[in-house]
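**Student:** Have a look at this fold, sequence not included:
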């Protein structure tokens, strides 16, 4: 058991990423590394990295990448002599828990951490603690989710990793993913092949019954929905017009779309004005008769 750790200068050229790092966590973007490198340059290294005796990184993958970006030759580190095997349950548990607390993780990344800790039996607490294993792990992960909720997320790990990445990239949602898992294996395999071939995701999901075809609304229903939207949001949109400057629509020219929308709204406005004037014109004789009943009586005679 390691009671104390000594910090030493470690040669960056001797370090390498943990082989399972990308199984759990996404790589840092270039922008994130530049930001971290700037922090290291300004404030120095505030916390040492942790490595196995063979140079495998357990804690500090991003710090190492940022230090390399700065051209550093060494970095402060702690060699964990007890973690001789980087792929041991203990080493992977360290990898998972440290990264979990340091990164903003999506749901499936959290599910991978949860699955690994549950599989290894580490960080589950003692048998004397209240609650079953999954709830004890959930409490230690500090994600605000219950063990039952994490179990549901864990089931999505049965999907191929590239399909999981579609969920993480918000191209599929978790409800759709659960329905995909309930498909017969042959259909599921065909669906995956179509997604990998680049077929439009909404069409593929409808074809396999994962989602229902959208019910086409009537023109009056669409008009009512549009009017209601303007009623609720027009003032906010008008007050913060500059906030819309960066909006884009995939496959559409925004300016052309707005021009077409403007022409439609002008035509609709003119028509509504004309109908309103016509209604007023038809009401005038009745209003006049109500105000001058004697004239109406004389005409009748």
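**Tutor:** On my side now, so go ahead. Since this is a predicted model, take the numbers as computed values, not measurements. Numbers count the residues shown, from 1 in each chain.
**Student:** okay, CA-based contacts and neighbour counts for the rest of this
**Tutor:** OK.
**Student:** how far is stretch 268-278 from where the chain is centred?
**Tutor:** The chain centroid and the centroid of stretch 268-278 are separated by 45 Å, computed with CA atoms, centre = their mean, to the nearest Å.
**Student:** swap that for stretch 14-29, sorry
**Tutor:** With CA atoms, centre = their mean as the basis, stretch 14-29 stands 21 Å off its chain's centre.
**Student:** can you give me the helices in the protein?
**Tutor:** Taking DSSP state H as the criterion, the chain contains helices spanning 21-24, 30-43, 61-70, 89-102, 107-120, 133-141, 147-155, 161-168, 174-181, 185-196, 201-207, 219-239, 254-291, 293-300.
**Student:** Which among those helices is found nearest to residue 49?
**Tutor:** Taking CA to CA, helix 61-70 is the member of the helices of the chain nearest to residue 49, at 7.7 Å.
**Student:** May I see the buried residues of that closest one?
**Tutor:** Buried residues in helix 61-70, counting neighbours by 16 or more other CA atoms under 10 Å, are found at 61-68.
**Student:** Closest one of those residues to residue 87?
**Tutor:** Closest to residue 87 out of the buried residues of helix 61-70 is residue 61 (15.9 Å), distances taken as CA to CA.
**Student:** Nearest residue to residue 195 in space, please, no chain neighbours.
**Tutor:** Spatial nearest neighbour of residue 195, excluding adjacent residues (CA to CA, 6 or more residues apart in numbering): residue 201 at 6.5 Å.
**Student:** Can you give me every residue that contacts that neighbour?
**Tutor:** Contacts for residue 201 (CA atoms under 8 Å, 6 or more residues apart in numbering) come out as 171-172, 195.
**Student:** For ChimeraX, what selects the buried ones among these?
**Tutor:** In ChimeraX, this line selects whichever of those come out buried by 16+ other CA under 10 Å:
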select :172,195
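**Student:** Adding distance to residue 120 and pLDDT, write the contacts of residue 201 out as a markdown table.
**Tutor:** Compiled in a markdown table, the contacts of residue 201 are given as follows (distance: CA to CA, whole Å; pLDDT from 0 to 100):
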| residue | distance to residue 120 | pLDDT |
| --- | --- | --- |
| 171 | 31 | 91 |
| 172 | 30 | 92 |
| 195 | 33 | 94 |
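**Student:** how close does the closest residue to residue 188 other than its chain neighbours sit to residue 163?
**Tutor:** Closest residue to residue 188 apart from its sequence neighbours, by CA to CA, 6+ apart: residue 180 at 6.6 Å. Using CA to CA, to the nearest Å, residue 180 is found at 11 Å from residue 163.
**Student:** for residue 55, same thing?
**Tutor:** 33 Å.
**Student:** and if you look at residue 119?
**Tutor:** Look at residue 119 and residue 163: by CA to CA, they are 23 Å apart.
**Student:** Repeat that for residue 198.
**Tutor:** To residue 163, residue 198 is 12 Å away according to CA to CA.
**Student:** Once you drop chain neighbours, what's closest to residue 81?
**Tutor:** Nearest residue to residue 81, sequence neighbours excluded (CA to CA, 6+ apart): residue 53, at 5.9 Å.
**Student:** pretty sure that neighbour contacts residue 80?
**Tutor:** Yes - distance between residue 53 and residue 80: 6.5 Å, which falls inside the contact criterion (CA atoms under 8 Å).
**Student:** Who has more neighbours out of these two?
**Tutor:** Counting neighbours by other CA atoms under 10 Å for residue 53 and for residue 80 shows that residue 80 has the greater number, 19 against 16.
**Student:** List the contacts of the nearest residue to that one once chain neighbours are set aside.
**Tutor:** Computed as CA to CA, 6+ apart, the closest residue to residue 80 that is not its neighbour in sequence is residue 52, at 5.3 Å. Residues counted as contacts of residue 52 (CA under 8 Å, 6+ apart) are 58, 79-81, 83-86.
**Student:** Report the central residue of this protein.
**Tutor:** residue 170 (5.2 Å; CA atoms, centre = their mean).
**Student:** Appreciated, that's everything.
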